[in-house]
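**Student:** output the structure for:
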Amino acid sequence: NILTSIISFLVILGVLVLVHELGHFLFAKGFGIKVLEFGFGFPPRLFSIRRGETLYSINLFPLGGFVKLLGEEDPSDPRSLAGKSAWVRSFVLGAGSLMNLLLPLLIFTLMFSFPQNAIQGNVEIQRIAPGSPAQSAGLIPGDIVSSINGNSVSNIADLSKEIRLNLGEKTNWEILRPQSRFTGSSVIGGDPGLTTSIPPMSFQEVSFELIPRWNPPAGEGNAGIVISTINTEVVSISYPIWVAIPKGMKKMGETLILFRNEIRGWILQTSSPQISGPIGIAQISGEVAEAGLAPLLELTALLSLNLAILNILPIPALDGGRLIFVFLEVIRRGRRIPPEKEALIHALGFAVLVSFIIVVSYFDILRLLSGESLLK
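**Tutor:** The predicted structure is shown next:
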């Protein structure tokens, strides 16, 4: 649905931009720096309103935003950004990424706080690939995975997450192994042989050590198992806020580990990066929105983390690129790079970024026309 994709994308983008630029805005105000303009989107300007000394604007291209500060390269005014100390400028420049890191924590905490339906059951191993880590560890079909590294496993998503978090690392699997069912007859009262019952299946608790591999053969998976969830039920889960906050922090940490493992996978050539521009993100947003509010919130959190990491990288025109010049000033003992040279580098960096977005968007359009999806 094109309309759903556009609306979902604009809402997510609006939230991410607002949160990011709000970080710069609040820190600048807090340190006494004059904010000339708080803009959503990139010029030309469509609408603006002035409140106090700051102009708030809505611009034509809704692919970002900006906070225009007094004297970003000129330190002559005491209320200018450039007139502040290096550590103040570092805080203001890094505040956007900081806010984009805090947003996922808020989203994950809220998701744990409010009731959500989840499928839970017993995760049973159906098949094991020959020569796989699972076979080497001693797992067999019929085993039920109860926990990995002490974290409970109650559905396929739980098991998949634990494997992806620990690629190439030793993991401890707690397994419930079914014992042979009693097949003879037994008597419980009444005439002998007339009333029979079959005792329920018993389980033996066993532990195994397994190292999920980085580059498994096609179709085998990192552990080499095929699983299914049996005895399923849908349960509503929520936690009090004092439990939801640490759970949100843990999920954030796990998400960052998954990012790290994804990058390591690119380096090890076990996976290839999927790069997408605004059009691709809009497509993903629409597809996720059809699955419900919770997946859309999780996508927003993931995109916010991506934005935080991307913006802090030392790329000209981005916050990280500006921080590099502050760092150079510190190691040069207060001697700044000439403002016109810094401005030229950022302008060139911006041109390269825009060109990159155009190229990526071209391939997004081709993929969209072919009916492919980024969600696999």
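**Student:** drop to CA atoms for contacts and neighbour counts, all remaining ones
**Tutor:** Will do.
**Student:** any idea of the mean pLDDT in stretch 33-50?
**Tutor:** Stretch 33-50 carries an average pLDDT of 91.
**Student:** mind listing the strands for the stretch 1-150 of the chain?
**Tutor:** All strands of the stretch 1-150 of the chain, identified by DSSP state E, counting those that start in this stretch, fall at 35-51, 54-69, 116-128, 144-148.
**Student:** low-confidence regions, the stretch 101-250 of the chain specifically.
**Tutor:** 180-201 (pLDDT under 70).
**Student:** quick check: Glu209 vs Val226, distance?
**Tutor:** Note on Glu209: its distance to Val226, by Cα to Cα, to the nearest Å, is 18 Å.
**Student:** neighbour-wise, which of those two wins?
**Tutor:** Glu209 (19 against 15; other Cα atoms under 10 Å).
**Student:** if I look at the more buried one, how far off is Leu101?
**Tutor:** Glu209 is 34 Å from Leu101, by Cα to Cα.
**Student:** again with Ile324
**Tutor:** 20 Å.
**Student:** who has more neighbours, those two?
**Tutor:** Leu101 (22 against 17).
**Student:** was I right about the more buried one contacting Ala308?
**Tutor:** Yes. The pair Leu101 and Ala308 passes the contact test of Cα atoms under 8 Å, sitting 6.2 Å apart.
**Student:** contacts only, for the residue nearest the centre of the chain.
**Tutor:** Taking Cα atoms, centre = their mean, the centroid of the chain lies closest to Leu302, which sits 2.9 Å from it. By Cα atoms under 8 Å, 6 or more residues apart in numbering, Leu302 lies in contact with 104, 255.
**Student:** Gly265 - how many residues pack around it?
**Tutor:** Gly265: 17 neighbours (other Cα under 10 Å).
**Student:** repeat for the one 5 residues further on
**Tutor:** By other Cα under 10 Å, the residues close to Thr270 number 13.
**Student:** relative to Ala244, how far out is the closest residue to it other than its chain neighbours?
**Tutor:** Nearest non-adjacent residue to Thr270, counting by Cα to Cα, 6 or more residues apart in numbering: Asn215, 5.3 Å away. Noted for Asn215: a distance of 35 Å to Ala244, by Cα to Cα.
**Student:** and the helices in the stretch 101-250 of the chain?
**Tutor:** 133-137, 156-165, 241-267 (DSSP state H, counting those that start in this stretch).
**Student:** tabulate those (a markdown table), appending distance to Gln204.
**Tutor:** Output for the helices of the stretch 101-250 of the chain, formatted as a markdown table (distance: least, Cα to Cα, whole Å):
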| stretch | distance to Gln204 |
| --- | --- |
| helix 133-137 | 17 |
| helix 156-165 | 20 |
| helix 241-267 | 31 |
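**Student:** so which of those comes closest to Leu22?
**Tutor:** helix 241-267 (21.3 Å; Cα to Cα).
**Student:** which helices and strands does the helix or strand following that closest one pack with?
**Tutor:** Following helix 241-267 in sequence order, the next helix or strand is helix 278-289 (DSSP states H and E). Using 3 or more Cα pairs under 8 Å, 6 or more residues apart in numbering; DSSP states H and E, the elements in contact with helix 278-289 are helix 2-30, helix 293-312, helix 339-369.
**Student:** I'd like the average pLDDT over helix 278-289.
**Tutor:** Helix 278-289 comes out at a mean pLDDT of 85.
**Student:** got the CA positions of it in PDB?
**Tutor:** The C-alpha coordinates for helix 278-289 follow below in PDB (Å, rounded to 0.1, in the frame of the first residue of the first chain):
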ATOM      1  CA  PRO A 278      14.500   7.100   1.700                       C
ATOM      2  CA  ILE A 279      12.400   5.200  -0.900                       C
ATOM      3  CA  GLY A 280      13.600   1.800   0.500                       C
ATOM      4  CA  ILE A 281      12.900   2.900   4.100                       C
ATOM      5  CA  ALA A 282       9.500   4.000   3.000                       C
ATOM      6  CA  GLN A 283       8.800   0.600   1.500                       C
ATOM      7  CA  ILE A 284       9.900  -1.200   4.700                       C
ATOM      8  CA  SER A 285       7.900   1.200   6.800                       C
ATOM      9  CA  GLY A 286       4.700   0.400   4.900                       C
ATOM     10  CA  GLU A 287       5.300  -3.400   5.100                       C
ATOM     11  CA  VAL A 288       6.000  -3.200   8.800                       C
ATOM     12  CA  ALA A 289       3.100  -1.000   9.500                       C
END
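**Student:** what's the spacing between it and its chain's center?
**Tutor:** Averaging C-alpha positions (Cα atoms, centre = their mean, to the nearest Å) puts helix 278-289 15 Å from its chain's average.
**Student:** let me know whether Ser48 touches Ile58 as I believe.
**Tutor:** Yes. The pair Ser48 / Ile58 is scored as a contact, 6.2 Å apart, by Cα under 8 Å.
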